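S.K.: Just to be clear, the model below is a prediction. Sequence and coordinates:
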Amino acid sequence: MATQASTQVSPQTPTVQPIAALHHVTAIARDPQRNLDFYTETLGLRLVKLTVNFDDPGTYHFYFGNEAGEPGTVLTFFPWANVKRGVQGAGAVIATAFNMPAAALEFWWERLKASRDVANLQRVTRFGSPVLTFEDHDGMRLELIACDEGPAPFTRDDIPPHFALRGFHSVALALHRAKPTIALLTESMGYRIVDSAAEGTATRTRLRAATSGTTGTFATYLDILEDPTLPDNKLGAGVVHHVAFRVPDLEAQARWQQHLAHRGLRATPVQDRSYFQSIYFREPGHVLFEFATDSPGFATDEPLAALGGALKLPPQYEHARARIEQTVPRITLPGGSVVGHS
Ligand code: ZN
């Protein structure tokens, strides 16, 4: 069906390698300390980088992931202390899902049930797999999907290592109309449809990256939730800002820029994000997509063992460090050190 959709790709369109997997997901949060505590203490992720928003250096940028913050495990937040709650609707990622070992279902059910930061916790079965769905304290929709795949997790004392979350399973994009987005995913990005099911007023279509199995088996799924009754997405706390996909290097990224232009999609110039290089564009359903390189990764400005232990700034802001440290909110990091003053 969708692979037969009309396409703007001409014979001159530069060929591109299929997308391997998700790279990271970035969302908006409100209270920085509460965000930091929930994702590290309750979900057991590692703070792999503490930096500032490169486009707004008075605010933090938190990166959570596995031990090394491998692509496909990384959930990032811009905590804006005074932002209102957003609306999770069409034109954005509406749910972010992690791989949960199947044997850990009861463990996570009890752990989430006991958390004051979790709302609307439910168990569902989707495409044959048990799923825990819930919202964090900002209303952000999260899911733990029983799936015995994924990279080595970060470990903490109160979560048995064989129960720890193992990177992303998928994201779900909410759309009023799925067809143009599915065309981009299947014709250009190398995804294929693997399942589909009605879900209330919506249709959920599950896709998987064609390269799954050769580049690792996590973060390779993507769900499209087509629902004409959804409100439009409105950015704010609890709302995903963008989803990033993995590309190997700058050369591949340059080819993508040309390829996307041939599809009528305008990508930004390459942005240096210190830990990866990125381009951004709006896919046809208005979701903000980023294509991010695997390199150099998070151990580029501090050793692996010390990731997330101090405020790191990109070179262009290092001269303003004293002022930035006065401006950003005071927070206590997982290791106990205190950053920020306001
Ligand atoms: Zn990003």
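M.R.: That came through, no problem. Numbers count the residues shown, from 1 in each chain.

S.K.: Need the contact partners of the host helix or strand of Val124.
M.R.: In the assignment (DSSP states H and E), Val124 maps to strand 119-126. Strand 119-126 is contacted from outside by 109, 112-113, 130-137, 139, 145, 197, 204, using Cβ atoms under 8 Å, 6 or more residues apart in numbering. C-beta here means a position set from N, CA and C on the backbone, and glycine is covered the same way.

S.K.: quick one: contacts for the nearest residue to Leu184 once chain neighbours are set aside?
M.R.: Nearest non-adjacent residue to Leu184, counting by Cβ to Cβ, 6 or more residues apart in numbering: Glu283, 5.6 Å away. When contacts are counted by Cβ under 8 Å, 6+ apart, Glu283 touches Thr181, Leu184, Leu265, Phe289.

S.K.: returning to what we had before: for the strand holding Val124, the distance to its chain's centre please.
M.R.: Centroid separation between strand 119-126 and its chain, computed with Cα atoms, centre = their mean, to the nearest Å, is 20 Å.

S.K.: One more: stretch 133-153?
M.R.: Counting by Cα atoms, centre = their mean, stretch 133-153 is centred 11 Å from the centre of its parent chain.

S.K.: Between which two of the contacts of strand 119-126 is the distance greatest?
M.R.: Across the contacts of strand 119-126, the longest distance by Cβ to Cβ is 30.0 Å; it joins His137 and Ala197.

S.K.: What residues does this structure have near the ion?
M.R.: Contact residues (Cβ under 5 Å from the ion) of the chain with the ion: Thr26, Ala244, Glu290.

S.K.: Format those as JSON lines; extra columns: neighbour count, pLDDT and secondary structure.
M.R.: Compiled in JSON lines, the residues of the chain next to the ion are given as follows (neighbours: other Cβ atoms under 10 Å; pLDDT from 0 to 100; DSSP: H, G, I helix; E, B strand; the rest coil):
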{"residue": "Thr26", "neighbour count": "21", "pLDDT": "98", "secondary structure": "strand"}
{"residue": "Ala244", "neighbour count": "23", "pLDDT": "98", "secondary structure": "strand"}
{"residue": "Glu290", "neighbour count": "23", "pLDDT": "98", "secondary structure": "strand"}
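
S.K.: Could you point out which residue ranges in the stretch 201-342 of the chain have low pLDDT?
M.R.: Within the stretch 201-342 of the chain, the ranges that satisfy pLDDT under 70 run 212-217.

S.K.: Strands along that one, start to end?
M.R.: Ranges of strands in the stretch 201-342 of the chain, per DSSP state E, counting those that start in this stretch, are 202-209, 221-226, 240-247, 271-272, 277-282, 288-293, 331-332, 338-339.

S.K.: most packed of those?
M.R.: With neighbours taken as mean count of other Cβ atoms under 10 Å, these reach their highest mean count in strand 221-226, at a mean of 24.

S.K.: Tell me how far stretch 50-65 lies from the chain's centre.
M.R.: 15 Å.

S.K.: hang on, the earlier thing: mind listing what's buried in the strand holding Val124?
M.R.: For strand 119-126, the neighbour count (16 or more other Cβ atoms under 10 Å) marks Arg126 as buried.

S.K.: ditto for stretch 13-29
M.R.: Of the residues in stretch 13-29, 13, 16, 19-29 count as buried by neighbour count, 16+ other Cβ under 10 Å.

S.K.: Name the nearest of those residues relative to the ion.
M.R.: Among the buried residues of stretch 13-29, Thr26 lies closest to the ion (Cβ to the ion), at 4.5 Å.

S.K.: Beta-bridge partners for that closest one, please?
M.R.: Thr76, His242 (DSSP bridges).

S.K.: Next, find the distance separating it from Asp55.
M.R.: Here Thr26 is placed at a distance of 12 Å from Asp55 (Cβ to Cβ, to the nearest Å).

S.K.: Val287 now?
M.R.: In this view, Val287 and Asp55 are 19 Å apart by Cβ to Cβ.

S.K.: how distant is stretch 185-199 from the center of its chain?
M.R.: Distance, centroid of stretch 185-199 to centroid of chain: 19 Å (Cα atoms, centre = their mean).

S.K.: just stretch 258-272 next, same as before
M.R.: Worked out by Cα atoms, centre = their mean, stretch 258-272 lies 20 Å from the chain centre.

S.K.: got it, and stretch 255-267?
M.R.: 22 Å.

S.K.: do stretch 251-270 as well
M.R.: Worked out by Cα atoms, centre = their mean, stretch 251-270 lies 21 Å from the chain centre.

S.K.: Name the residues of it that come out as buried.
M.R.: Buried residues in stretch 251-270 (16+ other Cβ under 10 Å): Gln253, Trp256, Gln257, His259, Leu260, Arg263, Leu265, Ala267, Val270.

S.K.: Over to stretch 131-148?
M.R.: For stretch 131-148, the buried set under the neighbour-count rule, 16+ other Cβ under 10 Å, comprises 131-147.
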